[in-house]
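**Student:** have a look at this prediction, sequence included:
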Amino acid sequence: MHSQERPLTDVERAAWLIDQVSPLKFVTVAHVVGDVNEAGLRQALDAVQARHPLLRVGITPGSPPRYRYTTRPLELRVVPRADDETWRAEVDREREAPMDAAVGPLVRVVLVRSSERSEILATSHHVMSDGMTAIYFMRDLLDAAGRWLAGSDHRLASLPPRPGVDQLLSREARGWQGLRRAIPYGLRQLLTLLRRPRKLAEERHVPLDRRRSRTRHVVFEAEFTAALQGRCRAERTTVHGALAAAALLSVYAHLQRAQGSRGAALLGCCTPVNLRSELDPPLGDDEIGLFVGPVVSFHEVDGSLDFWALAREVRDAVHGARSDHGPATALVTQCLLLPRRATPRVVAKHLYHPLFGAIAVTNLGSPAIARHFGPLTLEQLHVNPTSNPFGSLLSLSVATVHGRMTVNFNYNEGVLGEATIDALVAGVCGRLQRGAEPLP
């Protein structure tokens, strides 16, 4: 048996099941200046695949399903770059195109190429990928490609296979201690449900297997990003808190405008948390896999709520949950509730639930990544997750690279109309812009 082969953890199994009825993937996009040679990118893909064990597996169905070793190389497709918008159509295509998990590997790459400027798209299955995995994969790929193009040794140090996140949780989150934490967590979730949290209404019902993820792509330049970061420090909060506050207030304004909502609304915000540094043993910033846990905080939002007060409330909720092992407890609870014989449709349905929140904010922060890779220059890097299983959820995926913050607003086409998305994006951006203004 190859060392890469092992049963899927419960967290991985849930992602694998959901993808069978509704795509659950990440598409990472690197905007690169320079001539990305196809032969060099092929060599780089082989080097990255040799480095990471999870890039050498497919999934064998069974009870339980298992990772299975494969010798197949990572798929590379090359598309001529017609203009600056070509990559957008390829992102839409990649998110919806099926990935044969039984055959593997669970990542594929598209090169949108011209001789002067290219976009590299990496599509990764959520069963073995989170947002940081998507960033780390692209960083390693650019590193190997830049070395090859510069005529240097492009081989990368190989990493050992790792257990899934379920097996790496701290002692406080596993076994009987984890169960003792999961019971009060479940009771708190039930009490929250009784308070009737709100979601954005579906403007059109689109069956699960017919939903199409779309993205509004917004880039904030370095001057604005630095101003927002400085104002957040002055207001004793985080950029993540500000992003969530802007989205929550925009959703509330839409509920008032479109649905005649009156008074305060209880709105949930899902924050995926990178658990690598909190596992036992801790994992470094080069490990790919599904190593996240959710914090879902609920907030009473009304028209009189101060933007910065809400941003601090979100920050406090996330920090408090992390200090109390909240993301790990949420994972343990989800695993306890996942039946052994759960069907893909039932598991996918559980994701579209008021307790998941009205919005999700995945803030990848400012990952350590170089600007130059041999003759290549990285201009921008961002992640586009699928939204299909999440119905009317508004999802923000955020990354700040070389001082510029990219916010991708992800939604399901038709479930939320284009006019609604226009208003929500404008509301978030407007609130952030006002928030970045200096203190009087």
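**Tutor:** In hand now; what should we look at?

**Student:** low-confidence regions, the stretch 301-440 of the chain specifically.
**Tutor:** 351, 440 (pLDDT under 70).

**Student:** can you pull out the helices in the chain?
**Tutor:** Assigned helices in the chain, in chain order: 10-19, 38-51, 86-96, 131-149, 165-168, 175-194, 222-234, 239-259, 307-323, 326-337, 344-351, 418-435 (criterion: DSSP state H).

**Student:** Throw these into TSV and include distance to A360 and mean neighbour count, thanks.
**Tutor:** Where you see a C-beta, it was placed from the backbone N, CA and C, and this is true even at glycine. Listed next are those as TSV, based on distance: least, Cβ to Cβ, whole Å; neighbours: other Cβ atoms under 10 Å:
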stretch	distance to A360	mean neighbour count
helix 10-19	15	22
helix 38-51	28	19
helix 86-96	16	19
helix 131-149	11	24
helix 165-168	18	20
helix 175-194	16	13
helix 222-234	20	16
helix 239-259	9	23
helix 307-323	12	18
helix 326-337	13	21
helix 344-351	10	17
helix 418-435	13	17
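
**Student:** can you redo these as TSV with distance to E75?
**Tutor:** Output for these, formatted as TSV (distance: least, Cβ to Cβ, whole Å):
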stretch	distance to E75
helix 10-19	17
helix 38-51	9
helix 86-96	11
helix 131-149	13
helix 165-168	26
helix 175-194	38
helix 222-234	34
helix 239-259	34
helix 307-323	37
helix 326-337	31
helix 344-351	24
helix 418-435	31
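
**Student:** quick one: which of the ones you listed is nearest L159?
**Tutor:** Nearest to L159, of all the helices of the chain, is helix 38-51, at 6.0 Å by Cβ to Cβ.

**Student:** now that closest one against helix 131-149, angle please.
**Tutor:** The directions of helix 38-51 and helix 131-149 differ by 130 degrees, with axes from the mean of the first three to the mean of the last three Cα atoms, to 10 degrees as the criterion.

**Student:** list the contacts of stretch 42-54.
**Tutor:** Identification of contacts with stretch 42-54 by Cβ atoms under 8 Å, 6 or more residues apart in numbering yields 3-4, 55-56, 67, 73-74, 76, 105-106, 109, 128, 137, 140-145, 148, 154-162, 288-289.

**Student:** so A368 touches D286, yeah?
**Tutor:** No - using Cβ atoms under 8 Å, A368 is not in contact with D286, being 10.5 Å away.

**Student:** which of those two has more neighbours?
**Tutor:** Just comparing A368 and D286: by other Cβ atoms under 10 Å the higher neighbour count belongs to D286, 14 against 9.

**Student:** now that one: how far from V36?
**Tutor:** D286 sits 23 Å away from V36, going by Cβ to Cβ, to the nearest Å.

**Student:** coming back round to it: is it possible to mark the buried ones in the contacts of stretch 42-54?
**Tutor:** Buried subset of those (neighbour count, 16 or more other Cβ atoms under 10 Å): 4, 55-56, 67, 74, 105-106, 109, 128, 137, 140-145, 148, 154, 156, 159, 161-162, 288-289.

**Student:** pLDDT below threshold where in the stretch 101-250 of the chain?
**Tutor:** 174-179, 182.

**Student:** and L121, how far is that from V383?
**Tutor:** L121 is 11 Å from V383, by Cβ to Cβ.

**Student:** can you check which residues contact both of these two?
**Tutor:** Joint contacts of L121 and V383 (Cβ under 8 Å, 6+ apart) are 27-29.

**Student:** from these, pick the one nearest L194.
**Tutor:** The shortest gap between L194 and any of the shared contacts of L121 and V383 belongs to V27, at 37.8 Å (Cβ to Cβ).
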